[in-house]
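Student: sharing a sequence plus its predicted fold:
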Amino acid sequence: MNNADKMLMRIRNEPKLMEKYHKRLFTNSRLDEETGCWNTLYGANVSEPQMGVEGIMIRCPRLSYTIMKGVIPEGLSILHICDNPRCVNPEHIFPGTTQDNMSDKVNKNRQRKGGQIATCKLTEADALKIKKGLAKGLTGVYLAKLFSVSPRLIGYIKQGKIWAHVEIKNTEANYGE
Ligand SMILES: [Zn+2]
């Protein structure tokens with residue numbers, strides 16, 4: 001375990017530290033109302049913003065996850081579903097392997113944001129992404145927001161009422177249409 005991970009573990013075990021850095025992290029973050037991202041003000045000119053925690057540099061998204069959700073499983077990275085490395089919104093980050101490309105796929109979907117989306121506008125690729133998100137444990141409400149559809153629609157997908165023919169294991173070939 002490296003020093004940064006040791007410090008994160010210490011934060012989990014010391015409520016006073018947790019409170020201190022919770023305050024410091026989130027008072028130095030700004031909401032992007034369009035995306036829901038909480039952008040950290042730390043490390044404005046770097047791709048992976050960090051902040052000093054008791055003398056140790058910690059990546060802001062890792063600090064956010066540790067404070068808000070819990071210990072990051074050993075060896076896992078913190079990935080962004082919003083594909084925004086400055087974001088510390090705990091609902092936008094999740095632990096995963098670096099091979100995980102969910103954030104990339106969702107990001108491609110986000111580019112077609114802006115009013116043209118209705119429940120009928122989901123593509124097969126979207127349905128697949130939603131199924132993958134559900135399989136990863138993301139909530140229906142969250143996915144509904146992300147894809148600008150109703151939670152009920154996500155529920156239908158989950159129950160196999162619609163898009164039942166889209167299956168995670170064999171639809172990669174259909175991705176991107
Ligand atoms: Zn975000």
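Tutor: Received, thanks. Quick caveat: nothing in here was measured; it's all calculated off a predicted structure. Numbering: from 1, shown residues only.
Student: switch to C-alpha atoms for all contacts and neighbour counts from now on
Tutor: Will do.
Student: look up how far H92 lies from the residue of the chain at minimum distance from the ion.
Tutor: Taking C-alpha to the ion as the measure, the chain has C37 as its residue closest to the ion, at 3.5 Å. Taking C-alpha to C-alpha, to the nearest Å as the measure, C37 falls 7 Å from H92.
Student: secondary structure class for the closest residue to I56 other than its chain neighbours?
Tutor: Spatially, and ignoring its direct neighbours in sequence, I56 is nearest to A4 (6.3 Å; C-alpha to C-alpha, 6 or more residues apart in numbering). In three-state terms, and counting by DSSP: H, G, I helix; E, B strand; the rest coil, A4 is helix.
Student: what's near enough to touch A4?
Tutor: Residues near A4 by C-alpha atoms under 8 Å, 6 or more residues apart in numbering: I56, M57, I58.
Student: report all helices and strands that the helix or strand hosting R152 contacts.
Tutor: Under the criterion of DSSP states H and E, R152 resides in helix 151-159. The elements that helix 151-159 packs onto, with contact taken as 3 or more C-alpha pairs under 8 Å, 6 or more residues apart in numbering; DSSP states H and E, are helix 124-135, helix 140-146.
Student: quick one, which of those is packed in tightest?
Tutor: Stretch with highest mean neighbour count among those: helix 124-135 (a mean of 19; mean count of other C-alpha atoms under 10 Å).
Student: returning to what we had before: got the helices and strands packed on helix 151-159 as a markdown table, with mean pLDDT and distance to the ion columns?
Tutor: Listed next are the helices and strands packed on helix 151-159 as a markdown table, based on pLDDT from 0 to 100; distance: least, C-alpha to the ion, whole Å:
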| stretch | mean pLDDT | distance to the ion |
| --- | --- | --- |
| helix 124-135 | 88 | 16 |
| helix 140-146 | 88 | 11 |
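Student: could I get the ones you listed in JSON lines, plus columns for distance to S64?
Tutor: Formatted as JSON lines, the helices and strands packed on helix 151-159 follow (distance: least, C-alpha to C-alpha, whole Å):
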{"stretch": "helix 124-135", "distance to S64": "21"}
{"stretch": "helix 140-146", "distance to S64": "18"}
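Student: closest one to R12 among those helices?
Tutor: helix 140-146 (26.1 Å; C-alpha to C-alpha).
Student: list the contacts of that closest one.
Tutor: With C-alpha under 8 Å, 6+ apart as the criterion, helix 140-146 contacts R110, I130, G133, L134, S150, P151, L153, I154, G155.
Student: may I have that helix as PDB, with CA atoms only?
Tutor: Once non-C-alpha atoms are left out, helix 140-146 reads as follows in PDB (Å, rounded to 0.1, in the frame of the first residue of the first chain):
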ATOM      1  CA  GLY A 140     -32.200   3.300 -12.100                       C
ATOM      2  CA  VAL A 141     -32.800   6.900 -11.000                       C
ATOM      3  CA  TYR A 142     -29.200   7.700 -11.700                       C
ATOM      4  CA  LEU A 143     -29.100   6.100 -15.100                       C
ATOM      5  CA  ALA A 144     -32.400   7.700 -16.000                       C
ATOM      6  CA  LYS A 145     -30.900  11.100 -15.300                       C
ATOM      7  CA  LEU A 146     -27.800  10.200 -17.200                       C
END
